[in-house]
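>>> let me see the structure of the following:
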Amino acid sequence: MRVTATWFWLASLISPILAIHASEAGIIDWHKPLVGVPLISSHHTAPSFHRTENARDRSTKSVVLTTTASNVVAALHPENGTVAWRHTFDERDHVIAYKASGDRVASISGPGGAAFRVFNVHTGALVIEQQLHTLESGRLFEPPSLGVGLAFESSSPNSDVFVLTDGHTVRRISGGNGEVQWVWSSPDQSSLYVYSDIVTTPSAVYLVGLAKSFAAYTIHIAAVSPTTGELLASVDVPSTVTDGPSQLLVLRNKSKDRHVIWLEDGRIRSLKLSPELKEKATATKGALYKKLIDVKLSEDGQLVGIKQDGSGRVIKLAEDGTLKVTWEFENSATSKAYTESMYTGGKDMNGETYIARVFWSHVLRTASAHVLAPHLADGKGLITGFTFPFATHSHGIISHVALDAVNPAELQVLSRILVTTSTGGVQLWQQDQLQWTREEGLSDIRAAEMVELPESKAVTTQAANEENESFSARLSRQISDAKDFPQYAINFARRFATGSYASVSSSVAPQANASQSLSRDTFGLRKIIVAATSHGKVFGIDSSNGEIIWSRVFGLGWAHEVGGRIIPLKLFVTKTVGDAEGENPQVVVVAERKADNTLVDTVVFHIDALTGADVLGVSKDKDVLQGKDVIAGPSVGAYLFQNDAAKIVILFDEFLQTHIFPDTAFNYDVFTRVVKSLHFPLRSSAGTSRTLTGHKINPVKEFTGKHVAYPTWTSAFPSNEEIRAIVTRPSSSPVASFGKVLGNRTTLYKYLNPNALVVLTGTTTAAKVKSCSVYVIDASKGSILYHSVIPPLLSGECDVKAVFTENWLVYHYYDSETGPGDQTKSHRIVSVEFYEGNKGDDKTSSSDLSSYSNASTSVYHFEQGYIFPRGISAMATTSTKYGISVKDILVATDNGQIVSIPRRFIDPRRPKRKVTAEEQEEWLMTYDSLLPDDPRRALSHKYQILNARQILTSPSLLESTSLIFTYGPLDLFSTRSSPSGTFDVLSEDFNKVQLVLTVLGLLGAILVSRPMVGRKKVKERWYE
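This is a model prediction of the structure:
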């Protein structure tokens, strides 16, 4: 053990890279914390402003609270949009509701409301956490927020909280220590009977819900004692509710009476709540309504009713218990001139209420807001309005709004409107001025690639001009340039003496006031990250600082009339800076269009990677990006074929017909020349993923005018296994060495079959015995080259992460089983290396073999397992331009760090004994099952990268340096890594001054000694 520890210590000393230096933090990397796209389907989860008051100086402070699709409860600073705090929930513990009161915000999460938490509203500190029931025993509702509710007893700092869970259970939880004071459960817990709201008064806690009848719902109310939890009364209210809990509200008037409000046959009905529940329901007279909208002003007795013609009315619960119309928004009826109006409410620092109507005008091509202040103009109400230039072509459509307002002077109202867009963006508008934008859609990136930037246009333009200029023009230009030579010489001498050259540890981000076009830096460390999200938007991100260079909204095409979504499937780089001189790099996004009428099509978007322009020329720069329909239906596979002549995207439809893009005559000619050599593994269709089938393409067209693929082999997986993931080698992974020379001078030749891929499988849910498997398969004929069975999680699920590069496979899993000896439950990393033949010096040239050769399956491997101290959510390897640098494994750990694991630490050939002299020549270390948890190898250092899902790597122009981009359900992070050290550039502390002085000293010594040596030689000749 002491020898092993010594080896690890020595390895840590000689390792070329230990994460990054402190001086490089924030210079060569960046971190963009996100919270996720707000959940707007329910008022329990949608964004809202919350204001608290300082008791000492009466000042107020606001935050924006929301829950998100990334399973987060978060608070944003409304001043600048930065994250005040965020709390991430476990993936099985989905947050379904929140409610704020004073300086606290409570949340419910898990099926049926399994967990209850209370946070400080400004710091996010966890104050109370209580497990109410197990995740497995919770009832599942649709929507998930149905059957849960929160109600604070009062606005005092340590007020108790009443929690409704599972649609039938109420608990009173102490606001001081989080203990449950009492529990009441409804005696009728059938699935037809669900409470959806909870309200409190000093005399009773009221539960309001619905019971399913034959044609509609019937309202049921229960009153429970707030002190003992005993049932005071319950009643079925004669009613007919057709639209479910969304049309069931509880209002409070100034007399603090509570009334249940619902819509029945177009009439608004109300029922006063009392502990005895003996009141009778009453109906309003007058106009008929089609919908009631909760504008989060129920505590102030206000809601918005939508009449049959679509116009909106503000309705208030008066002190006498009647419902009165206090305002009708002018011109709010349904019209083709503007979209359907959205209504929201808010309060100012004095507690006065405001209600806003927000809509998009098709005529003015702008958004409008009408804000009602009911308390102004002597209580008659004052309406103020403004338009704000919401860019629908850049951010989609407005999906949700929240309001904050202030009344600085009489008859003056200033409003802040928080807008959530269909593309996942969050914006804050103060009147007509945009204050900030958060692109939360980036929290759900479905496909991304790094694209190399071209050289500066000034350099390339000058080089092109020099090739065509005449002798006289060149002479004239050189004479003109000569006037700058003295200054150039001075600057060169200064740079040479001081070492002020481009550095790999310096930032390559452009200056804040720089206006030059996009171009690569000296070492190619700056690239464009093209990322497509599930919210219908594609971004061009500067890899040097994370700033968004351009963004485009995907157009729906014909589905624009019925509505739908664009879901990116894959993203391919089809043109790089070296492919065509003078042209910008290009990418192709393969996406699925799911229309609201259930039709599914496959669409491709052809994009200029530098500007976001439509390469197809169909869409204008300031319009949505329209794609090209390539398949009338879903795609079963999409691949990029590339050779020296072309890069072609090949797609397969449900009938295995091939479609190529771009479908030019040149690309088709290239395709037909190579079609016989192509192999494609496709998952089985019909909604299952239990088989993998190899396909070749018939070189002869069918009567449909398309080439059709036909099966050549089918995987031999067990019938109770289904495919969970397919892992392929990186598309651009050059191999610098085809073999490894051992200390005994034998050579292990790498198994580099280009058709090899990794398949991760797991047993089906119906299987009695659960297991997971890792396969390496020859995709040209289906031969299994490697197979390993590993245990699943305790839940029976398979959570295996794998990465495959050259001849090296690394995968990670959690071993939930205990074994003989000291084998315990732990996270494990398995490293496997594949070599040709059966022993050293066997060579089959696997990278060049025919797919039909039997030698392609002649392979053996070395395998070794290691214990890793943490769980892993994503894996990748570093990548460099020529593949000369050592490849390290990059992992995203469950504690929010991006860690680099040196290859030497997980070399499968590490001996389980003392290393020999020959093994020391290979830098092998004695095997130790436990990998060290060294924080110095954390590339993310002080940053916490939550829930990373994917690690993308790309080479720079420096062979030593790899670029890294990490994304997932939350954060974005980018940095650099040099596994073998920056061997191709001088170190930062290289003393250039000393070098210059040494050279000058040697030159002086030569000048002095040369005459002396010459005279000595002359004298020697006289004596000969």
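>>> do a quick rundown of the helices in the chain.
Residue ranges of the helices in the chain, as given by DSSP state H, are 2-14, 392-395, 457-468, 471-482, 485-498, 665-674, 917-921, 992-1022.
>>> and residue 414, how many neighbours?
16 (other Cβ atoms under 10 Å). C-beta here means a position set from N, CA and C on the backbone, and glycine is covered the same way.
>>> that one touches residue 429, doesn't it?
No. Proximity of residue 414 to residue 429 does not meet the contact threshold set by Cβ atoms under 8 Å, at 11.4 Å.
>>> between the two, what contacts are shared?
Overlap between the neighbourhoods of residue 414 and residue 429 is empty, taking contacts as Cβ atoms under 8 Å, 6 or more residues apart in numbering.
>>> between the helices of the chain, which gets nearest to residue 700?
Between residue 700 and the helices of the chain, the tightest spacing by Cβ to Cβ is seen for helix 665-674, at 10.1 Å.
>>> contacts made by the closest one with the rest, please.
Outside helix 665-674, the residues touching it (Cβ under 8 Å, 6+ apart) are 641, 643, 645, 646, 648, 650, 660, 699.
>>> could you dump the residues you listed to CSV with neighbour count and pLDDT?
What follows is the contacts of helix 665-674, written out as CSV (neighbours: other Cβ atoms under 10 Å; pLDDT from 0 to 100):
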residue, neighbour count, pLDDT
641, 18, 92
643, 10, 88
645, 12, 86
646, 20, 89
648, 24, 94
650, 20, 95
660, 19, 95
699, 13, 92
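>>> from those residues, which is closest to residue 924?
Here the nearest of the contacts of helix 665-674 to residue 924, counting by Cβ to Cβ, is residue 643; it sits at 38.6 Å.
>>> quick one, what contacts residue 611?
If you count contacts by Cβ under 8 Å, 6+ apart, residue 611 has them with 540, 550, 584, 621.
>>> which two among these are spaced furthest apart?
Between any two of the contacts of residue 611, the greatest separation by Cβ to Cβ is 13.7 Å, found for 584 and 621.
>>> my guess is residue 45 meets residue 99, correct?
No. Under the contact definition of Cβ under 8 Å, residue 45 does not touch residue 99, with a separation of 10.5 Å.
>>> more neighbours: these two, which one.
Between residue 45 and residue 99, counted using other Cβ under 10 Å, the more crowded position is residue 45 (23 against 18).
>>> which residues sit in contact with the more buried one?
38, 39, 66, 67, 95, 96, 97, 98, 145.
>>> so how far is residue 300 from it?
Taking Cβ to Cβ, to the nearest Å as the criterion, residue 45 is separated from residue 300 by 21 Å.
>>> check residue 42 too.
Taking Cβ to Cβ, one finds residue 42 at 20 Å from residue 300.
>>> and these two? Which one has more around it.
Set side by side, residue 42 and residue 300 show more neighbours around residue 300, with 20 against 17, by other Cβ under 10 Å.
>>> doesn't residue 353 make contact with the more buried one?
Yes. Applying Cβ under 8 Å as the test, residue 300 and residue 353 come out as touching, 5.1 Å apart.
>>> mutual contacts of these two, please.
With contacts defined as Cβ under 8 Å, 6+ apart, the residues shared by residue 300 and residue 353 are residue 347.
>>> from the chain's centroid, how far away is stretch 159-171?
Distance, stretch centre to chain centre, for stretch 159-171: 34 Å (Cα atoms, centre = their mean, to the nearest Å).
>>> apart from its chain neighbours, what residue comes closest to residue 234?
Once its chain neighbours are removed from consideration, residue 234 has its nearest residue in residue 222; the separation is 4.2 Å (Cβ to Cβ, 6 or more residues apart in numbering).
>>> residues touching the one you found, list them.
186, 195, 206, 207, 231, 233, 234.
>>> do the same with residue 943
By Cβ under 8 Å, 6+ apart, the residues touching residue 943 are 29, 31, 896, 971, 973.
>>> nearest to residue 86 among these?
Using Cβ to Cβ, residue 971 is the member of the contacts of residue 943 that sits closest to residue 86, with 10.2 Å.
>>> report the separation between the residue nearest to residue 234 and residue 236.
As for residue 222, its distance to residue 236 is 10 Å (criterion: Cβ to Cβ).
>>> residue 218 too?
6 Å.
>>> and for those two, which residues touch both?
With Cβ under 8 Å, 6+ apart, residue 218 and residue 236 have common neighbours residue 211.
>>> and residue 113, what does it touch?
Shown in contact with residue 113 (Cβ under 8 Å, 6+ apart): 96, 97, 132, 138, 147, 148, 163, 164, 165, 166.
>>> and what of residue 626?
Here residue 626 is in contact with 555, 557, 614, 616, 618, 619 (criterion: Cβ under 8 Å, 6+ apart).
>>> list the contacts of the fifth one.
In this case it means residue 618. Under the criterion of Cβ under 8 Å, 6+ apart, the neighbours of residue 618 are 626, 628.
>>> with just CA atoms, put stretch 318-335 into CSV.
Extracted in CSV, the C-alpha atoms of stretch 318-335 (Å, rounded to 0.1, in the frame of the first residue of the first chain):
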residue,chain,number,x,y,z
ALA,A,318,-67.7,43.1,-2.3
GLU,A,319,-68.0,43.4,1.5
ASP,A,320,-71.6,42.2,1.3
GLY,A,321,-70.5,39.0,-0.5
THR,A,322,-71.8,40.0,-3.9
LEU,A,323,-69.7,39.9,-7.1
LYS,A,324,-69.4,43.2,-8.9
VAL,A,325,-67.9,44.1,-12.2
THR,A,326,-65.4,47.0,-11.5
TRP,A,327,-63.9,47.3,-14.9
GLU,A,328,-64.1,46.1,-18.5
PHE,A,329,-61.0,46.3,-20.7
GLU,A,330,-61.8,48.2,-23.8
ASN,A,331,-61.4,46.5,-27.1
SER,A,332,-60.5,43.2,-25.4
ALA,A,333,-63.0,41.1,-27.4
THR,A,334,-61.7,38.4,-29.7
SER,A,335,-60.3,40.0,-32.9
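>>> most surrounded residue in the contacts of residue 943?
Neighbour count (other Cβ under 10 Å) singles out residue 973 as the most crowded of the contacts of residue 943, with 25 neighbours.
>>> list the contacts of residue 307.
Each residue near residue 307 by Cβ under 8 Å, 6+ apart is listed here: 287, 288, 289, 290, 313, 333.
>>> thanks a lot, catch you later.
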